[in-house]
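Attaching a predicted model along with its sequence, questions to come.
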Amino acid sequence: MASGNYMKVLSYLAVILVSFTATKALATNIKHNLQESTPLPRIIALSPHIVEMLFTIGAGQQIIATTDHTDYPAAATKIPKIGTSSRIQLERVIELQPDLIIAWESGNPSDELARIKQLGFKVIYSQPDTFEDVAKELRLFGQLTGHSEKAEEIADKFLVDLSNIKQQFANKSAIIGFYEVWSRPLTTIAEGSWPQQFLDICGINNPFAQARVGYPQINIEQVLQANVGVIIQPLAKKQTDENSYNWQKWPVVPAVKHQQMITIDADVIHRMTTRSLSALLDLCQQAEKSRQYYQQADS
Amino acid sequence: MINLKAIKGKNGWIFACLIIVTLVSIVISMTVGPAKISYGDIFQCVVNTCNSPMQDMVIWQIRIPRVLVGLVAGMGLACAGAILQNVTRNPLADPYLFGIISGAGLGATIAILILPNQQTLALPLAAFLGALFSVVIVFGIATLLRNMNHLLLTGVAVSFMLGSISHFILYLGDPFATNRVIFWLMGSLTRVEMFHFYLIAAMVVITLLTIFALHRQIDALLLGDESAESLGVNVNKLRLILLALCAAVTATIVAYCGGIGFVGLMIPHIVRQLVGVTTMPLIIGSALVGGCFLVWVDVLARSALDNVEIPIGIITSAIGSIFFLAIMYRTRKTG
């Protein structure tokens, strides 16, 4: 009798277990089917930084077309191109029928984007002006592409890494630095430009920070007067040293006299993505070396 | 009312050929584009219904408006050039020499910087107003100087002045706006729609009708101001009407298509070799050759390079300058 009861209890338990497993399997199946029935959006990304961010959050496979100069990560070079940052082939956009177009607000042609919107396509704009904007856009792209979880995780890590670098170089003594955007004509940066935040975090004083425009052209006379301790030259991979300004003609500049020239990867520092933090760390570390050099020279 | 005799006679077969070439060009150019659509599908789309909404959108919203706007814009620019060259008796006269492109550029610059999110309406309107502004200044100064022969020189000076204002505004403004304005000035038919075709076509029709009505007076002008006046032509009034007409048609085209250089200068010179200097055949020939030329230039713009659209102004200037020099060389040898 007792064994009969045990058997009964066991069979109930078995039924509960089987039905629980079946329910779970069914639920998983339904979830799986749901995901399959709502495919992830197919995206046209109209700038290298947007493509890079999408790859970072795991949405790289959803990009169906992009523009020229999209070179990172390596997989991005295989994405079909439908124009340059300043001209888009509208016929190709229509042919590809994307679910979403992510455009670079200041870089892409606004009139062509207006026409694309008019034709009924969904256009989202990207305009990361600061590091914080990069994190914000990672989260936004995550929501739009169905990769929220990973995007949140990467955005959080990005902000933590940024905060760590900020802390590391927070109380360093200021050093005067000149950021050479271009040599002919000699062009630098000021408040409101993307690279200025790098100098702010690394404790580098930009003597031209208050200029009226983001990328002011500068007379060499002004640089000679500014007592510049370091000269920062962002150099793209394709660019040769010959394109840089010939500073060796001006030994009166302390940075030239003491050979405190900092070269950084222009492709990394000028692209508004998570990689920019590696350029930030590189710049801060090189600036710190120059700082120590001058401190030793003084003592 | 329209004197068809003027375009008949020995030039008759030339015009017949030009009309056939233009019609064939329109049809063939519709089959070329970056979207892969077969000839059969395009034919189906035009005469019946399209096989897919995608094809419908590409053919009816992109390709046909582009071909038609290219046709009428080429017609308008070439006519304006021909009229200006005959009216000023200056072979260098071109609508752009009145500062129209610099004025439109200034308008576009202001629109791009102040209203970046209202480009569909603000950009062409501002470009149009800028172009008209430059023409008004040029006319104003030329009137003050009391010498209409200085019109072109005034145009060059005003062009530089407005250009420098644009550059200064761009330098002080958003660095990326510079890119947009420069690319806008290079000209493009990518953003055009049917409404633009109707508008530019209306301007071209008004221009042609005015020329049909005034062609005898313009021919008289070719003999010199004094001879024209002795024939009863009010030279200053006629010149002002025609210059205003050219300015209006060019400003409308520039507003929607950006800067398309060399068409107004080059096409009338080519047509003159074919049909002579008389206004009627020259204007009709210029309209046909100009329209045909721009249709083919746009075909090149959208298909010459893989994955990249070439700004149309680059091609017109590149082809135009070489062709123009070749024609001058040929004329030197034979003439």
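Great, that's in hand. Source: prediction; values computed, not measured.

give me the number of residues near residue A:248?
10 (other Cβ atoms under 10 Å in any protein chain shown). To be clear about C-beta, it is placed using only N, CA and C from the backbone, and glycine gets the same treatment.

how many other residues sit next to the nearest residue to it once chain neighbours are set aside?
Excluding the flanking residues, the one nearest residue A:248 by Cβ to Cβ, 6 or more residues apart in numbering or on different chains is residue A:256, at 6.5 Å. Per other Cβ under 10 Å, the neighbour tally for residue A:256 reads 16.

Break down the stretch 51-200 of chain B into its strands, ranges please.
For the stretch 51-200 of chain B, no strands are identified by DSSP state E, counting those that start in this stretch.

ditto for chain A
A:43-45, A:63-66, A:100-104, A:123-126, A:175-179, A:204-205, A:230-235, A:261-265 (DSSP state E).

Just want the residue of the stretch 101-250 of chain A that's nearest chain B.
Across the stretch 101-250 of chain A, no residue is closer to chain B than residue A:106, which sits at 3.9 Å (Cβ to the nearest Cβ).

Tell me who's in contact with that residue.
A:127, B:174, B:176, B:177 (Cβ atoms under 8 Å, 6 or more residues apart in numbering or on different chains).

Tell me who's in contact with the third one.
Put plainly, it is residue B:176. A:106, A:107.

mind checking pLDDT for it?
As predicted, residue B:176 sits at a pLDDT of 75.

What parts of chain B come near chain A?
Selection of chain B residues close to chain A by Cβ under 8 Å from any Cβ of the partner chain yields B:33-36, B:54, B:57-58, B:61-63, B:112, B:116-117, B:119-120, B:123, B:171-177, B:179-180, B:183-184, B:188, B:190-191, B:193, B:302, B:307-309, B:311.

mind running it again at 6 Å?
B:33-35, B:54, B:57-58, B:62, B:116, B:119-120, B:123, B:172, B:175-176, B:179, B:183, B:190-191, B:307-309 (Cβ under 6 Å from any Cβ of the partner chain).

Hmm, residue A:207 is touching residue A:226, no?
Yes - assessed by Cβ atoms under 6 Å, residue A:207 is found in contact with residue A:226 at 4.0 Å.

And the helices in the stretch 101-250 of chain A, which stretches?
A:110-118, A:131-145, A:148-168, A:196-202, A:220-225 (DSSP state H, counting those that start in this stretch).

to the chain's geometric centre, what's the distance from the third one?
Read that as helix A:148-168. 12 Å (Cα atoms, centre = their mean, to the nearest Å).

Need the contact partners of that helix.
A:56-58, A:131, A:135, A:138-139, A:142, A:201, A:274, A:277, A:280-281 (Cβ atoms under 6 Å, 6 or more residues apart in numbering or on different chains).

Now the two most distant members of the residues you listed.
The largest separation in those, counting by Cβ to Cβ, is between A:58 and A:201 at 28.1 Å.

ok, residue B:239 - contacts?
Neighbour list for residue B:239: residue B:87 [criterion: Cβ under 6 Å, 6+ apart].

Where does it fall, secondary structure wise?
Using DSSP states H and E, the element containing residue B:239 is helix B:235-257.

Mind listing what's buried along that helix?
B:235, B:238-239, B:242-243, B:245-257 (16 or more other Cβ atoms under 10 Å in any protein chain shown).
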